[in-house]
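Q: what follows is a protein structure lacking sequence information:
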Ligand code: KIV
Ligand code: ZN
């Protein structure tokens, strides 16, 4: 599994559950991580980076259970350059059929400075830690963090050491999204040519998107000889995110004429996975995002619509079905039954269990009573709203009644269930949303700061559902919540409560980032 035998085969390494989950506010619950891992395995991801086992008990348990349940994929965990991290990582991933330890250290001058290691001291540490990992596991990935800002001679030296110590994959991270396509290719080519033993390992590319070049940099690295692309679903990740899995995979598929490389990904599962990751991470996909954005296959202008009706290839370089998008946009109505709803969900690539279908059906009927036509986007929003993780619902909305209008103050009467106990209050505010948030805060006092409050209409018309996104921060932790409802204030209350619930988990979780450079 580690070294592709075909030279045109590119391994897809997905780090949605590690680098993606690390992005501020994208916390996922244990069950959500298991579900996403299963989707990634089923779609043909070669290696799943399931988490950072030393970061917290929760991370450890998630990686362990993902490893136990894995099917085809290699299950990988992250570890810093110390024995304790590596041992903990091994304890979690060893349950997989195909485990991998991924250990790393920052090698650029800026990163060497923080632990205060000289070049020689760091080289020794790399030798010792990679050897230690290799004694535990025969599949070891090593990364020189901030490789693209590391002196070339030092980079060659430490990669040679890692290979000799037993690393089987060498990953070249562009940690701060600084490189550009030609430079990315030149670096990989130089390393493969110069480092002794380079032909015995797989070179990987791991690009961040700070300058919007992550996908281009990853593909350039492949053209220069990298045979593993590290990516996340929807490009989730620190700051501007990582290379988006769907972008590199579809680029390789659509432009196979000039980039003749194969992946194992079943592209028809892309949309379903993208939607689920957006739901559980709370990070909505921007409308004009390549491949998975709402508008990626929408044609608005007359000329485009006319061309599409005559021949879809005039304005589409791939078919919606290629990524698992149903081409039909026929709306459902209040007479549609459970079977039609199930059919629609299947067509949209949304898999739901029987219990979730029951919940969605009840909410669909109530929506169809209020709205003449229920469109695909309404259904997607409903699924997102019923898919919340019950285990993390410390606070639940029971009822909300708001009085608003030209004469203030606006009032919100709210009933919440907090830790299973019903509590209620009536509060005023500067507008109905402010009154509602005040009422929640009166019942659940919090120091959380509201960083973002955003409303968008799911479809057109005054009866459209509103999707509300809320972002909160406290003590440097960030969480997001999203909800949809035809009543904007109800959607706002639910989104706020989801973000508060997620923040409670975030506040109890240790932050791996602060220890990244702690090499001892
Ligand atoms: O971006 C990065 O350098 C990383 C490493 C931990 C591989 O995510
Ligand atoms: Zn990264």
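A: That came in fine, so what should we check first? Just so you know, these numbers come straight off a predicted model, no measurement behind them. Ligands and ions are numbered 1, 2, ... in the order given.
Q: the strands in the stretch 151-300 of the chain, which residues?
A: 169-174, 202-207, 228-231 (DSSP state E, counting those that start in this stretch).
Q: save those as a markdown table, and put in mean pLDDT and distance to ligand 1 too.
A: Where you see a C-beta, it was placed from the backbone N, CA and C, and this is true even at glycine. Below are the strands of the stretch 151-300 of the chain laid out as a markdown table (pLDDT from 0 to 100; distance: least, Cβ to the nearest ligand atom, whole Å):
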| stretch | mean pLDDT | distance to ligand 1 |
| --- | --- | --- |
| strand 169-174 | 98 | 3 |
| strand 202-207 | 98 | 5 |
| strand 228-231 | 98 | 8 |
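Q: dump these into TSV; add mean neighbour count as well.
A: TSV is the format used below for those (neighbours: other Cβ atoms under 10 Å):
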stretch	mean neighbour count
strand 169-174	25
strand 202-207	27
strand 228-231	28
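Q: closest one to residue 161 among those?
A: In terms of Cβ to Cβ, the element of the strands of the stretch 151-300 of the chain nearest to residue 161 is strand 169-174, at 10.9 Å.
Q: touching ligand 1 at all, stretch 31-47?
A: No. Using Cβ under 6 Å from any ligand atom, stretch 31-47 never reaches ligand 1; the gap is at least 12.8 Å.
Q: and that stretch, how far from the chain's centre?
A: 12 Å (Cα atoms, centre = their mean, to the nearest Å).
Q: now do stretch 107-121
A: For stretch 107-121 - counting by Cα atoms, centre = their mean - the centre lies 31 Å from the chain centre.
Q: can you give me the buried ones in that stretch?
A: Neighbour counts over stretch 107-121 (16 or more other Cβ atoms under 10 Å) mark 107-108, 111-112, 115, 117 as buried.
Q: now do the helices in the stretch 201-350 of the chain.
A: 214-223, 245-254, 270-281, 302-310, 338-347 (DSSP state H, counting those that start in this stretch).
Q: likewise the stretch 401-520 of the chain?
A: Under DSSP H, counting those that start in this stretch, the stretch 401-520 of the chain gives helices at 432-443, 488-508.
Q: now mean pLDDT and distance to ligand 1 too, for the ones you listed, in CSV please.
A: Shown next, in CSV, are the helices of the stretch 401-520 of the chain (pLDDT from 0 to 100; distance: least, Cβ to the nearest ligand atom, whole Å):
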stretch, mean pLDDT, distance to ligand 1
helix 432-443, 96, 35
helix 488-508, 87, 20
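Q: out of these, which comes closest to residue 355?
A: helix 488-508 (19.4 Å).
Q: helices or strands up against that closest one?
A: strand 395-403, strand 410-418, helix 432-443, strand 449-457, strand 466-474, strand 477-485 (3 or more Cβ pairs under 8 Å, 6 or more residues apart in numbering; DSSP states H and E).
Q: which ones are touching the residue lying closest to residue 37 once chain neighbours are set aside?
A: Counting by Cβ to Cβ, 6 or more residues apart in numbering, residue 66 is the residue found nearest to residue 37 once chain neighbours are left out, at 4.3 Å. Listed by Cβ atoms under 8 Å, 6 or more residues apart in numbering, the contact partners of residue 66 are 17, 33-34, 37, 48, 50-51, 75, 96.
Q: can you say which helix or strand has residue 66 in it?
A: In this assignment (DSSP states H and E), residue 66 forms part of helix 57-69.
Q: okay, buried residues for that helix please.
A: In helix 57-69, counting by 16+ other Cβ under 10 Å, buried: 58-60, 62-67.
Q: for stretch 427-445, same thing?
A: In stretch 427-445, counting by 16+ other Cβ under 10 Å, buried: 427, 429, 432-442, 444.
Q: about what we covered before: which one of the helices of the stretch 201-350 of the chain is the most hemmed in?
A: Comparing the helices of the stretch 201-350 of the chain by mean neighbour count (mean count of other Cβ atoms under 10 Å), helix 214-223 ranks first with a mean of 25.
Q: what residues does that one touch?
A: With Cβ under 8 Å, 6+ apart, helix 214-223 has contacts from 10, 172, 174, 177, 179-182, 184-185, 187-188, 203, 205, 207-209, 226, 229-231, 235, 240-244, 247-248, 251-252, 259, 261.
Q: what about it, distance to the chain center?
A: 20 Å.
Q: go on, stretch 170-189?
A: On Cα atoms, centre = their mean, the centre of stretch 170-189 falls 22 Å from the chain's centre.
Q: end to end, how far does that stretch reach?
A: 13 Å (Cα to Cα, to the nearest Å).
Q: only the buried residues of it, if you could.
A: Within stretch 170-189, judged by 16+ other Cβ under 10 Å, the buried ones are 170-179, 181, 184-189.
Q: what is the burial count for the closest residue to residue 401 other than its chain neighbours?
A: Among residues not flanking residue 401 along the chain, residue 413 sits closest, at 4.5 Å (Cβ to Cβ, 6+ apart). The tally of other residues near residue 413 (other Cβ atoms under 10 Å) stands at 16.
Q: ok, residue 413 to ligand 1 distance?
A: Computed as Cβ to the nearest ligand atom, to the nearest Å, the residue 413 to ligand 1 distance reads 47 Å.
Q: also residue 90?
A: 17 Å.
Q: can you give the contact residues for the helix or strand in which that residue is found?
A: Using DSSP H and E, residue 90 sits in helix 83-93. The set of residues external to helix 83-93 that reach it, using Cβ under 8 Å, 6+ apart, is 50-51, 53-54, 60, 63-64, 67, 75-79, 99-103, 129, 132-133, 136-137.
Q: out of those, which sit inside helices?
A: 60, 63-64, 67, 129, 132-133, 136 (DSSP state H).
Q: turn those residues into CSV, columns for distance to residue 409 and pLDDT.
A: Listed next are the ones in helices among the contacts of helix 83-93 as CSV, based on distance: Cβ to Cβ, whole Å; pLDDT from 0 to 100:
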residue, distance to residue 409, pLDDT
60, 49, 97
63, 50, 98
64, 52, 98
67, 54, 98
129, 61, 98
132, 64, 98
133, 62, 98
136, 63, 98
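Q: what about the residue of the stretch 351-500 of the chain found nearest ligand 1, distance to residue 22?
A: Of the residues in the stretch 351-500 of the chain, the one nearest ligand 1 is residue 478, at a distance of 18.4 Å by Cβ to the nearest ligand atom. Distance, residue 478 to residue 22, by Cβ to Cβ, to the nearest Å: 11 Å.
Q: kindly report the residues of the protein close to ligand 1.
A: 19, 104, 143, 145, 173, 175, 206, 208.
Q: can you pick out the most distant pair from the residues you listed?
A: 104 and 208 (14.1 Å).
Q: next one, pLDDT for residue 25 please.
A: Looking at residue 25, its pLDDT stands at 77.
Q: heads up, I number from 845, so please use that
A: All set: I'll call the first residue 845, so the last point we hit is now residue 869.
Q: give me the neighbour count for it.
A: 21.
Q: mind listing what it touches?
A: 1126-1127, 1315, 1322-1324, 1346, 1350.
Q: go on, residue 879?
A: Counted by Cβ under 8 Å, 6+ apart, residue 879 has contacts 1120, 1124.
Q: ditto for residue 1323
A: Contacts of residue 1323 by Cβ under 8 Å, 6+ apart are 869, 871, 1126, 1315-1317, 1343-1344, 1346-1347, 1349-1350.
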